[in-house]
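> Fold the following, please.
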Amino acid sequence: MKVKKWKVLGLAGALVLGYAVSSNAGVMLKAGENTYADFGFWTQVKFDTMTKLDEGGKTTYTFDVPDARITIEGKMTKDVEFFSDVVMSASNNAALEEGGLNIAVMPEFQVRIGKIRVPFTREQLIPSYSSVVANGAWWDPQEIWGVEIFNNPSFMQSGANIGPAGLLEDVNAGAVFHGEIPGGLFKYAVGLFNEGERLGDTNAGLEVTARLEFTPVMLGFKPAPSIETKGWESDTYFGKAGDILTIGLGLMKTTAIDKGATTNFWINAPDDLKPFGIGVDAFFEKKLPGAPFVLDLTGGFVSISDSHFYKNASNQLEKGDTTYYYAQAQGLIDQTFGIGKPAFYLRYEGAKADYYDKTNDATYSRFAVGCNYYIKDAVEKINIGIDHVSYSDGIKNTLSRWNKKDSVTDFYVQLQVMF
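Model prediction:
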């Protein structure tokens, strides 16, 4: 019986491996018409020349691997899709970056569940491999905005997940109900997620997000393509999807701090802190007629009320708000030079948070400029760029007390491969 059993298993293994094929996505193992898995390996390697603000302005030169991951995507049955991205770190640890199931009942109604993308802003739906700028959105190399401002005792802020770095996280554990109206006029997503590191009654509720995308198809535009299994979108589609115009509206509501919660820095929060966010964004792509040129434009604005606590003039905790806005453009020369196609980009970001007595806001600005050299679209890419971030207004005195500068510039070269 043992011999027969191993013969059967060996035959089954041979049949599965017999379906292995090579592709840009990696290797596919296919066991039936609606049962298969794509395996891939993606990586990014980078060289930085950066001014380190916390080292007195000293310039450093660093090689790094920002991301190296093994990807799996496929179908269990006709209607059940699965995916998993496992990222390996420089310390030789591996962690699940994203993963879960998508139940594709019909185009109008699907359910994605697992550790997945948060559908609030468009930027949260764009993975680093599909981003025009290598440093991604909300670049803050010292984590001053996302950690120091909201945790430092001298700043008297609130908790670990308060502020843009926590409230605008890309990935969280939860479920998303999503779908689209045939023809692409509307696309929607409603998500329920864990609240994260809530101060007070931990895990006592859920974060709720909602996103609606509108495309004026009656004017000849097409919606931005997306990977429905993962909920991913992209900064560019290389002019291959026609003229695109997508306008998005997002909402977010969560509870971050319970009344009476304490930290090492202050005692008894005066009230519940329930951040509420609203965002609008737009994406436009057009391949110019009669010219080998593809233009991509995107921008957005996010307002989060009650995003954090701050000290007022009476030395009391008070609720504060945060705003964030950005604009980005890339022009792709849709003609091969050597082995790839060059593209040039610009990006601006700005953010402002209530600070001392609402008279001295904490302000953040970022400018990025660079060139992408696309080989097989984004499957292989070389990114050469300059990134500059600065902090001003109320934050400058705090930075001085921390012995940090108020601006940093990053010159970098990043290579990307997706197999």
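> Whatever helix or strand residue 412 lives in pairs with which strands?
In this structure, residue 412 is located in strand 407-418 according to DSSP states H and E. Using DSSP bridges, strand 407-418 pairs in its sheet with strand 35-52 (antiparallel), strand 380-393 (antiparallel).
> export those strands to TSV and tack on mean pLDDT, distance to residue 215 and mean neighbour count?
Bear in mind the C-beta positions are built from the backbone N, C-alpha and C, glycine included. Compiled in TSV, those are given as follows (pLDDT from 0 to 100; distance: least, Cβ to Cβ, whole Å; neighbours: other Cβ atoms under 10 Å):
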stretch	mean pLDDT	distance to residue 215	mean neighbour count
strand 35-52	90	28	17
strand 380-393	91	27	18
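> Distance to residue 285 added to the ones you listed, as CSV?
Formatted as CSV, the strands paired with strand 407-418 follow (distance: least, Cβ to Cβ, whole Å):
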stretch, distance to residue 285
strand 35-52, 23
strand 380-393, 17
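> Residue 418 is nearest to which of the ones you listed?
Nearest to residue 418, of all the strands paired with strand 407-418, is strand 35-52, at 4.6 Å by Cβ to Cβ.
> would you put the C-alpha positions of that closest one in CSV?
Extracted C-alpha coordinates of strand 35-52, given in CSV (Å, rounded to 0.1, in the frame of the first residue of the first chain):
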residue,chain,number,x,y,z
THR,A,35,-7.0,26.4,-9.9
TYR,A,36,-3.6,27.8,-10.3
ALA,A,37,-0.9,29.8,-8.4
ASP,A,38,1.6,32.4,-9.7
PHE,A,39,4.9,32.5,-7.8
GLY,A,40,7.2,35.5,-8.1
PHE,A,41,10.2,37.3,-6.6
TRP,A,42,10.4,41.1,-6.5
THR,A,43,13.2,43.2,-5.1
GLN,A,44,14.4,46.8,-4.9
VAL,A,45,18.1,47.8,-4.3
LYS,A,46,19.1,51.3,-3.5
PHE,A,47,22.1,53.6,-3.0
ASP,A,48,21.5,56.8,-1.0
THR,A,49,23.6,60.0,-0.4
MET,A,50,21.7,61.6,2.4
THR,A,51,22.1,64.3,5.0
LYS,A,52,21.2,62.7,8.4
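> I'd like the next helix or strand past it.
Next along from strand 35-52, by DSSP H and E: strand 58-75.
> That next one: partners in the sheet, and parallel or antiparallel?
Counting by DSSP bridges, the strands paired with strand 58-75 are strand 35-52 (antiparallel), strand 80-88 (antiparallel).
> Nearest to residue 141, out of these?
If you check each of the strands paired with strand 58-75 against residue 141 by Cβ to Cβ, strand 35-52 wins as the nearest, at 6.8 Å.
> Nearest to residue 271 among the strands paired with strand 407-418 would be which one?
Residue 271 lies closest, by Cβ to Cβ, to one member of the strands paired with strand 407-418: strand 380-393, at 26.0 Å.
> Convert the closest one to CSV, retaining C-alpha atoms only.
Provided in CSV are the C-alpha atoms of strand 380-393 (Å, rounded to 0.1, in the frame of the first residue of the first chain):
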residue,chain,number,x,y,z
GLU,A,380,12.5,46.3,-14.5
LYS,A,381,13.1,49.9,-13.6
ILE,A,382,15.9,52.3,-12.7
ASN,A,383,15.0,55.4,-10.7
ILE,A,384,17.4,58.3,-10.2
GLY,A,385,16.0,61.1,-8.0
ILE,A,386,16.5,63.9,-5.6
ASP,A,387,14.2,64.3,-2.6
HIS,A,388,14.1,67.2,-0.3
VAL,A,389,12.0,67.5,2.9
SER,A,390,11.8,70.5,5.3
TYR,A,391,9.9,71.3,8.6
SER,A,392,8.9,74.8,9.5
ASP,A,393,6.8,77.0,11.8
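> roughly how far apart are the nearest residue to residue 106 once chain neighbours are set aside and residue 195?
Distances taken as Cβ to Cβ, 6 or more residues apart in numbering place residue 179 nearest to residue 106, at 7.4 Å, with adjacent residues excluded. According to Cβ to Cβ, to the nearest Å, residue 179 and residue 195 sit 25 Å apart.
> How far does stretch 45-62 stretch from one end to the other?
Stretch 45-62 has an end-to-end distance of 11 Å (criterion: Cα to Cα, to the nearest Å).
> where does the stretch 301-419 of the chain dip in pLDDT?
356-359, 397-398, 401-403 (pLDDT under 70).
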